[in-house]
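Participant: from the sequence below, what's the structure:
(chains A, B, C and D)
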Amino acid sequence: MSSNKSASKKIILDGLWGNNPIFRQVLGICSTLAVTNLVINTAVMCAALTLTTALSCFTVSLLRAYTPRRIRMMVQTLIIASYVIMVDLYLKAYWPEMSANLGPYVGLIITNCIIMGRCEAFAVANPPVPSLVDGLFNGLGYSLILLAVSITRELLGMGTILGYPMPYFSTLWDKWIIMVMPPGAFFTLALIIWLCRSIQTTGREKTS
Amino acid sequence: MIDILTAIFIISSTAAGLAAILVVAERFFADYGECLITINNDEKRTVKGGGSLLESLTSEKIFIPSACGGRGTCGYCKCKVLKGGGILLPTEEPYLSAEEKKNNMRLSCQIKIREDIDIEIPEELLAVKEYKVICKKIVDLTYDMKQFIFSLQEPAKISYTPGQYVQLFAPKYDGNTEEVYRAYSISSDPADNTIVELIIRLVPNGICTTYCFKHLKEGDQALLNGPYGDFRLTDTNAKIIFIAGGSGIAPIKCMLHHMQNITCLREAVFYFGVNSEKDLCMVDTMRAFEKTLPKFKFVPVMSRPEHPEKWKGETGLVTEAVLRNEKNADQSEAYLCGSPGMIDASIVVLKKLGMKESNIFYDKFS
Amino acid sequence: MTGLTGEMTHALVVCFSAIFTGNMVLSYFLGLCPFIGVSREIKTAFGLGTAVVFVLTFTSGINWAAYHYILVPLELDFFRFILFIIIIAAFVQFVEMIIERFSPLLYVNLGIFLPLITVNCAILGVSLFMVIRDYSLIVTVAYGFGSGLGWMLAIVSMAGIRQRLNESRIPYGLQGPGITLIIAGLMALAFIGFSGVLQGR
Amino acid sequence: MIRQKKWYPILYMFLVTVFFSTILISFSRYTRDLVEANRKLAFEKAVLKALSIPLPVTASNMDWHNTYLEKIKEPQEDLQGVYIYKSDDMVIGYALPFEGQGFWAPIRGVIGIATDKRTITGIAMYEQNETPGLGAEITKPEFRAQFEGKQIALQGNPLEIKQVTEELDQHSVHAITGATQTSIRFEKILNDALEKWKTEFLHGDNRQ
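Facilitator: Here you go, the predicted structure:
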């Protein structure tokens, strides 16, 4: 007997913070983490990912009553892959420079665990519209963290943000090349997870 | 054009071929034959292996309460597994306390039945049955609340404790492709064990309430299962404070019927919170209780009366009315039923009045 | 060098570089979710690692055949994502059924992560790379096997390190995924050291 | 009920795939020409950039295409795939396409060579999938500008990509920090192409 408004508010807050896919569930960092050394690439990847997650959840939820249990996984991957290919084709046709920049990473969105995770955990048991909202906000929650990672990496590694030189960092700052390389991504993400989890737990202790 | 069609056909056939492999493999590998479930050392049920414990029990008409439908996200479907459940899965751990783990508590939706299994569940769950019922009467209480009276067909009688709830089955209908169960408190007089009365408030776009309000007609068949829940009156003589909002009146009404039947002389006040005149209902029934139960008082509280000049009763939030009228509650008990917000606010107020937390009982709508 | 031995040498080189220099997790970031999630114990990590080696070796071969005999003749190159992923999904589920039937212990240890092998990026990644790098069947299978081994090596070492860390005092927020990522970063640094080995300037 | 039938999953999978593949194939047919045009344009731009033919920043894609048609002559049989830059029937430069395996996927590009057949006028990539922010920096003007005016070495490797700390000479440029893998591979790809150029054109000339 819940009201719809508070239910969707809960879905939204859970996706963004309470049950954030990255620092609570630690899902889906695979392919996107690799492009987090540039903010612009991260933004496009995250947008593609959020869109795919939302649409896939919606479709999976729409078909959930008809999909036989045994082939559910195949059908879900098919749906996800179809949306990713559409994004890929779209980028190739209308934004070739970005498509060239991201290369194989766009295709690898298919295997991003967060999409499958949301489909399995939420969409197969809920109606289409809440699933869409859930997918959307999980995607956004995910993007939030990765954008934070990419801003840190680009700033410390190259002294720029979105390609624009930043005061101090582009001139006096001794650039940390390691930030641009794979280990930098791991370290930055670890620190951000640490920060977010600490904030969450202190908040909880106070309320209880 | 032909080449496009051929391409589509070949790709689709490949996919269908893969599905075929899985279907065949399931026949050969995922077939576990028949398994025996022993419940509380006594009841024995034979089920087809391969499914989850929860699914199998449901198909045997034993209903362990569950909210998420077997996804392992609500953690309600706990039960004790003595033998044959396999080891604790990582999917269950977050929902079980250390003590529960020691006592072999498991989530029944996560356990797969591959062999004979021994479990323990509360006796009353075994009493839980599925009832075929006929909708006998529908009464409009307010613009968005209705009273439904179901007469039992099969089984013909039900026994429950006042305060418990049943789950009503909502079938598929136009615009809904899902079959769901929703919980509603029983509001009928327990003396008549051939009927079940529910008070239901319309939830916009709610699957089950839409079914009840738009599709269910007098004379229609319906399905219920239950009873469930441990919201019930204690055996003490302490003063009772009932607090309810909206359709939360249902279990309280049932409890009052019960008190009337056993001529209980406990002191009791019922604070019933509504928004305005158009939400107020069952006043006559409550006034009738006041006559038969000498120590019972009914206090409707209106938060925003449309005609304040005509409204003689309490105004403001239900919690404010409680604060105004109750002085010391350390010897009283409280029974609350309604939205989580109302219940949480009431608990705060009651504690402020000196009530022990162990004397506050509630049924929260979720 | 005759054709076949040349092919074998190539396969061997590809296999080794997939283990060390081109490690799926540490340099391509693929297959991170289970790498973080299932690396609590060596035993489970080993089980999952074996499953990945197995699945990778076979799916890379099957996908190679599917690509060269279905997609290339139909000129449906862009369709490879879909075909590969559903083949992987079907295969993983097939394996899941078999493991569930014959080794309940392994099944339980992989827990919810068995279905997640499907969405293990490393597996799709290998299939995609074999196409863009134009490997032959033998080289593809060797590459799949090597990538699987590399992934397993990474996850088992990670599990070993994490088991030793069990006793250590780690700040609350950093426990679990946080510290795992930091270790992964250090391992990635170490693996960069391999890059000179096989390239032989 | 059809859903209880054993073959229902097979039919279901078939229909779902038909649905999605129809959408995808139609979409890809629709964008195919555009994608092809983008590819061509990328190549043409790379050739013009390698030959250091200046075009204003505001130049449209059409301008690039027309300039290419006007100035560049497609390779003929005796030229081993080398494009020729001509103006008023005078040869002004050569554009040598090259390709090879990068870190992720093939790298394809063009080297511009002056009429002396030894001086490099520039290089440009038209297809690469290197790690964004790392290997992909080979497409950045800062990296490419290093090649302008370098000489192809007659002895040893035609060109060398050196560590940032090392001294440069007439035949070497600096690598990209952090992108060891790409740098090593890129050097090999360039040298493979230039070795061929040397045997075909330089040594041939020397013999004459």
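Participant: for the residue most central in space within chain A, give me the pLDDT.
Facilitator: Residue closest to the average C-alpha location in chain A (CA atoms, centre = their mean): residue A:142, at 3.6 Å. What the model reports for residue A:142 is a pLDDT of 83.
Participant: now do the SS call for residue B:312.
Facilitator: coil (DSSP: H, G, I helix; E, B strand; the rest coil).
Participant: what ranges of chain A fall below the confidence cut-off?
Facilitator: By pLDDT under 70, the low-scoring segments of chain A are A:1-32, A:69, A:121, A:125, A:201-208.
Participant: what does it put close to chain D?
Facilitator: Residues of chain A lying near chain D by CB under 8 Å from any CB of the partner chain: A:34-35, A:37-38, A:41, A:63, A:66-68, A:70-71, A:74-75, A:78-79, A:82, A:85-86, A:89-90, A:92-94, A:96, A:100-105, A:154, A:157-158, A:177-178, A:180-181. Where C-beta positions appear, they are placed from N, C-alpha and C, glycine not excepted.
Participant: one step back: show me what counts as buried in whichever strand or helix holds the residue nearest to the centre of chain A.
Facilitator: Secondary structure from DSSP states H and E places residue A:142 in helix A:128-158. Residues A:128, A:130-146, A:148-158 are the ones in helix A:128-158 that count as buried (16 or more other CB atoms under 10 Å in any protein chain shown).
Participant: chain B: helices as residue ranges?
Facilitator: Along chain B, counting by DSSP state H, helices occupy B:2-29, B:53-59, B:98-102, B:123-127, B:207-210, B:249-261, B:283-292, B:318-325, B:340-352.
Participant: those helices: lowest mean pLDDT?
Facilitator: Among these, helix B:123-127 scores lowest, at a mean of 73.
Participant: CA atoms only: put that helix into CSV for me.
Facilitator: The C-alpha trace of helix B:123-127 is given here as CSV (Å, rounded to 0.1, in the frame of the first residue of the first chain):
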residue,chain,number,x,y,z
GLU,B,123,3.1,-23.7,12.9
GLU,B,124,0.8,-20.9,11.9
LEU,B,125,2.2,-20.8,8.4
LEU,B,126,1.0,-24.3,8.1
ALA,B,127,-2.4,-23.0,9.1
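Participant: run through the neighbouring helices and strands of that helix.
Facilitator: strand B:221-228 (3 or more CB pairs under 8 Å, 6 or more residues apart in numbering or on different chains; DSSP states H and E).
Participant: the strand it packs on: how far from the chain's middle?
Facilitator: Distance of strand B:221-228 from the chain centroid (CA atoms, centre = their mean, to the nearest Å) equals 10 Å.
Participant: name the helices or strands packed onto that strand?
Facilitator: helix B:123-127, strand B:129-140, strand B:145-154, strand B:165-170.
Participant: please parse chain D into its domains.
Facilitator: For chain D, the domain assignment from automatic domain parsing gives the residue ranges D:2-35, D:44-207.
Participant: show me which residues of the first one are buried.
Facilitator: So the one you mean is domain D:2-35. Under 16+ other CB under 10 Å, the buried positions of domain D:2-35 are D:8-10, D:12-14, D:16-18, D:20-22, D:24-25, D:27-28, D:31, D:35.
Participant: what's the helix or strand for the spatially most central residue of chain C?
Facilitator: For chain C, the residue nearest the mean C-alpha position is residue C:148 (4.0 Å; CA atoms, centre = their mean). Taking DSSP H and E as the criterion, residue C:148 maps to helix C:137-165.
Participant: same deal with residue C:13?
Facilitator: Using DSSP H and E, the element containing residue C:13 is helix C:3-19.
Participant: right, so the helices of chain B: which one is the most enclosed?
Facilitator: Sort the helices of chain B by mean neighbour count, taking mean count of other CB atoms under 10 Å in any protein chain shown, and helix B:249-261 sits at the top with a mean of 23.
Participant: which neighbouring elements make contact with that one?
Facilitator: Checked by 3+ CB pairs under 8 Å, 6+ apart, helix B:249-261 has strand B:180-185, strand B:195-201, strand B:239-245, strand B:268-274, helix B:283-292, strand B:332-338 packed alongside it.
Participant: can you add distance to chain C and give the ones you listed back as CSV?
Facilitator: CSV is the format used below for the helices and strands packed on helix B:249-261 (distance: least, CB to the nearest CB, whole Å):
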stretch, distance to chain C
strand B:180-185, 25
strand B:195-201, 37
strand B:239-245, 39
strand B:268-274, 41
helix B:283-292, 51
strand B:332-338, 35
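Participant: of all those, which one comes closest to residue A:198?
Facilitator: Nearest to residue A:198 among these is strand B:332-338 (35.8 Å), distances taken as CB to CB.
Participant: avg pLDDT for that closest one?
Facilitator: 91.
Participant: can you give me the angle it makes with strand B:180-185?
Facilitator: 150 degrees (axes from the mean of the first three to the mean of the last three CA atoms, to 10 degrees).
Participant: residues contacting residue C:95?
Facilitator: C:51, C:54, C:55 (CB atoms under 8 Å, 6 or more residues apart in numbering or on different chains).
Participant: isn't residue C:124 up against residue C:85?
Facilitator: Yes. With contact defined as CB atoms under 8 Å, residue C:124 and residue C:85 form a contacting pair (6.0 Å).
Participant: find the residues that touch each one of those two.
Facilitator: Joint contacts of residue C:124 and residue C:85 (CB under 8 Å, 6+ apart) are A:110, A:111.
Participant: in chain D, mark out all the helices, start to finish.
Facilitator: Using DSSP H, helices in chain D cover D:8-50, D:61-71, D:141-145, D:180-197, D:203-207.
Participant: wait, chain A
Facilitator: Going by DSSP H, chain A shows helices at A:4-13, A:30-33, A:39-63, A:72-94, A:96-102, A:104-107, A:113-121, A:128-158, A:177-180, A:182-207.
Participant: got it, and chain C?
Facilitator: C:3-19, C:32-37, C:42-66, C:72-74, C:80-102, C:104-110, C:113-118, C:121-132, C:137-165, C:177-192, C:195-199.
Participant: just send those back as JSON lines, with mean pLDDT too.
Facilitator: Below are the helices of chain C laid out as JSON lines (pLDDT from 0 to 100):
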{"stretch": "helix C:3-19", "mean pLDDT": "81"}
{"stretch": "helix C:32-37", "mean pLDDT": "76"}
{"stretch": "helix C:42-66", "mean pLDDT": "85"}
{"stretch": "helix C:72-74", "mean pLDDT": "85"}
{"stretch": "helix C:80-102", "mean pLDDT": "82"}
{"stretch": "helix C:104-110", "mean pLDDT": "66"}
{"stretch": "helix C:113-118", "mean pLDDT": "60"}
{"stretch": "helix C:121-132", "mean pLDDT": "85"}
{"stretch": "helix C:137-165", "mean pLDDT": "90"}
{"stretch": "helix C:177-192", "mean pLDDT": "83"}
{"stretch": "helix C:195-199", "mean pLDDT": "54"}
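Participant: from chain B, how far out is the closest residue to chain D within chain C?
Facilitator: The nearest approach of chain C to chain D comes at residue C:132, 4.1 Å away (CB to the nearest CB). Applying CB to the nearest CB, to the nearest Å, the value for residue C:132 to chain B is 21 Å.
Participant: pretty sure that residue is touching residue D:108, no?
Facilitator: No. Between residue C:132 and residue D:108 there is no contact under CB under 8 Å: 11.9 Å.
Participant: for residue A:148, what are its contacts?
Facilitator: residue A:192.
Participant: can you rerun that using 10 Å?
Facilitator: A:22, A:36, A:42, A:188, A:189, A:191, A:192, A:195, A:196 (CB atoms under 10 Å, 6 or more residues apart in numbering or on different chains).
Participant: okay then, goodbye and thanks.
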